[in-house]
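Enquirer: With the input below, show me the fold.
(one chain, ligands or ions: 1)
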Amino acid sequence: MGGSNKKIVVVGGGIGGLSAGIYGRLAGYDVEIYEKNPRAGGQCMGWDRRGCHIDNCIHWLTGTKKGTSLRKVWETVGALDEHTEFADCDSFYTSMVGDLRVTLWKDPDRTEKELLELSPEDGTEIKKFIQYVKYAMECEMPAEKPMDAMGIMDYIHMGASMANMPKVIKEYGSIDLQGMAERFKHPALKALFTDYLPKDYVASSFLVSYASIISGNGEIPKGGSLAMANRMVKRFQELGGKLYCNAPVARILIKNGRATGIETADRRTIWADYVISSVDTMELFANLIGKEYMDGKWKSCYGDMQKYPLFTSVQAAFMVGQEAYGGRGTVFFDCPSFEAGGRNIDRISVKSFEYEPGFAPAGKTVLQVNIPQFDKEYFYWKGLAREEYERRKDGVVKAIEERLVMRFPGLKGHMEFLDCWTPVTYERYCNAYHGAYMSFITRKGVKSFRARGIVKGVKNLYIASQWIMAPGGLPVAVTAGKFAVWRIAGKEKR
Ligand SMILES: Cc1cc2nc3c(=O)[nH]c(=O)nc-3n(C[C@H](O)[C@H](O)[C@H](O)COP(=O)(O)OP(=O)(O)OC[C@H]3O[C@@H](n4cnc5c(N)ncnc54)[C@H](O)[C@@H]3O)c2cc1C
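Expert: Residues are numbered from 1 along each chain as shown. Prediction:
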């Protein structure tokens, strides 16, 4: 530890904040993290209900492949180590149309074979898809230093290690998932390619996601999201960092264009040499420093929900008899339509946590249903008075329960409701803007969002949040934490 007494205050103890804290300690700074909730982890969270554990986050963790620079970051922050075990999942997900099932298996050759058997007339597109997914396995997120700090040699090196990625971008980077689905004739294939991510997403990002599952670079660490966040907390504290929970921050103090510390909600002033904000970026601009510091890039994205939509979800969890359900993995299926957040829903997805026996009592499993919602649905939920909000939430739970039983009749009499949460829950819990937990959606023809992790006009203030680069998520959060410290340490020539 460098013995410096310079101090970094981190606002927010999510994955970005914990990462900033750990890298801050490794660079020799005194670090204090201030987190509004009773525990750290932010969106990477899980909670207990009626003897079950509900896991809110990791469907896949990019950067699990040994030898990649992102894996090194996850190991440095204590999220993974060489002994980490991963969930035993053999597929990405399954789409059902009627009783027909199509699966994107972890083994791409099995996927190809099954899709070709299902729809020989889509043979050319199927083969092309699998070939390009294999190309996309090369895609690696830069985790050494921020992209704006990369020099020509870094780009040459990156280009050489991802020689096939330009082909993927050329073929799938200018269409969205809806457009990709339209290339296929079989209805089950159309459903398969529009089920997992919002239809607006640029298709190449879907290929990269599936590629990370295939290549072992997108596993689920055993124990789930909360356990991973707790390992990072442990690492931070073992390094001597101080974590203050139940400590909401009201303001970041700025004097003469320089961040000088924070004021907590209970009106304490904490001085610091550097402040790193890892909270939702709208919380930063609107509440902690003032929107006058929001530059044009942020303004244009936040100001245009059509061009830069955000997504969130309504979710419900149930405890079910394992044998009564009998399924595995994530399954999408058609259902009679119902309304959730004012949106008409006629397909839902259910994820089974059978791979984590510790998440439910013996013989039981947790099933979680995820219903996509967007900015508009956030406003719907937000606009409801408390009683009406609860009533409509109950309505959604009932509709989901009925549809699960219709699809999987064995569940009848073997389901117990655990919990239901909405975009407003994410807002309340993490101050998440419109309930979003990923960054701006990259739509076809729209430049993918990327910001530099600094605030124009304020020295010594850095941003370590998943928001700074689309599509956001855990890898962006963890590297944003590292990069914030990289900038501070670089400035001080450490
Ligand atoms: C259902 C779901 C599924 C997901 N699946 C995946 C997945 O499979 N893979 C993946 O990579 N990502 C996934 N994500 C996204 C991922 O969880 C987030 O992108 C990531 O955790 C965000 O980290 P962060 O540190 O940037 O922000 P956050 O987690 O939001 O952390 C910010 C922290 O700041 C705190 N805070 C806010 N305001 C204040 C304040 N004023 N004072 C003090 N503290 C404050 C919050 O309480 C929070 O703890 C998923 C998220 C959800 C909800």
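Enquirer: make it CA atoms for all contacts and neighbour counts henceforth
Expert: Noted.
Enquirer: Arg386: how many residues sit nearby?
Expert: Neighbour count of Arg386, defined by other C-alpha atoms under 10 Å: 10.
Enquirer: again, but for Lys376
Expert: Neighbour tally, Lys376, other C-alpha under 10 Å: 17.
Enquirer: Centre of the chain to the helix or strand hosting it, how far?
Expert: If you go by DSSP states H and E, Lys376 is part of helix 375-382. Chain-centre distance of helix 375-382: 20 Å, with C-alpha atoms, centre = their mean, to the nearest Å.
Enquirer: which strands and helices sit next to it?
Expert: Other helices and strands packing on helix 375-382, by 3 or more C-alpha pairs under 8 Å, 6 or more residues apart in numbering; DSSP states H and E, are helix 423-430.
Enquirer: Using neighbour counts, pick out the buried residues of the helix it packs on.
Expert: 423-427, 430 (16 or more other C-alpha atoms under 10 Å).
Enquirer: circling back to that earlier point, for the helix holding Lys376, which outside residues touch it?
Expert: Contact with helix 375-382 is made by 305, 309-311, 341-343, 389, 422-424, 434-435, as judged by C-alpha atoms under 8 Å, 6 or more residues apart in numbering.
Enquirer: Quick check, Leu115 in contact with Val102.
Expert: Yes - the criterion here is C-alpha atoms under 8 Å, and Leu115 meets it with Val102 at 7.3 Å.
Enquirer: mind listing what's buried in the helix-or-strand element of the chain with minimal mean pLDDT?
Expert: Taking mean pLDDT, DSSP states H and E as the measure, the helix or strand of the chain with the lowest value is helix 152-161, at a mean of 85. By 16+ other C-alpha under 10 Å, helix 152-161 has no buried positions at all.
Enquirer: So what's the gap between it and the chain middle?
Expert: Worked out by C-alpha atoms, centre = their mean, helix 152-161 lies 27 Å from the chain centre.
Enquirer: Quick one: name whatever helix or strand follows it.
Expert: Per DSSP H and E, the first helix or strand lying C-terminal to helix 152-161 is helix 165-172.
Enquirer: Now do the same for that following helix: mean pLDDT, whole number.
Expert: In this model, helix 165-172 carries a mean pLDDT of 94.
Enquirer: ranges for the helices of the stretch 351-494 of the chain?
Expert: All helices of the stretch 351-494 of the chain, identified by DSSP state H, counting those that start in this stretch, fall at 375-382, 386-407, 423-430, 474-491.
Enquirer: Turn the buried residues of helix 423-430 into JSON lines, including distance to the ligand and pLDDT.
Expert: Listed next are the buried residues of helix 423-430 as JSON lines, based on distance: C-alpha to the nearest ligand atom, whole Å; pLDDT from 0 to 100:
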{"residue": "Pro423", "distance to the ligand": "9", "pLDDT": "98"}
{"residue": "Val424", "distance to the ligand": "12", "pLDDT": "98"}
{"residue": "Thr425", "distance to the ligand": "10", "pLDDT": "98"}
{"residue": "Tyr426", "distance to the ligand": "7", "pLDDT": "98"}
{"residue": "Glu427", "distance to the ligand": "9", "pLDDT": "98"}
{"residue": "Cys430", "distance to the ligand": "4", "pLDDT": "98"}
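Enquirer: and these, which two are the farthest apart?
Expert: Distance extremes for the buried residues of helix 423-430: the farthest pair is Pro423 and Cys430 at 10.7 Å, using C-alpha to C-alpha.
Enquirer: Next to the ligand in this structure, residues from the protein, please.
Expert: Within the chain, the positions near the ligand by C-alpha under 6 Å from any ligand atom are 11-17, 34-37, 40-44, 56-61, 248-250, 278-280, 429-431, 437-438, 465-466, 472-475, 477.
Enquirer: where along the stretch 151-300 of the chain do the helices fall?
Expert: 152-161, 165-172, 177-182, 187-195, 203-214, 224-238, 281-282, 296-302.
Enquirer: Show me what the second one is packed against.
Expert: Contacts defined by 3+ C-alpha pairs under 8 Å, 6+ apart place helix 165-172 against helix 123-136, helix 203-214.
Enquirer: how does this structure divide up, domain by domain?
Expert: 7-82+222-305+448-491, 91-219, 311-435 (automatic domain parsing).
Enquirer: Return the most buried member of those.
Expert: domain 7-82+222-305+448-491 (a mean of 21; mean count of other C-alpha atoms under 10 Å).
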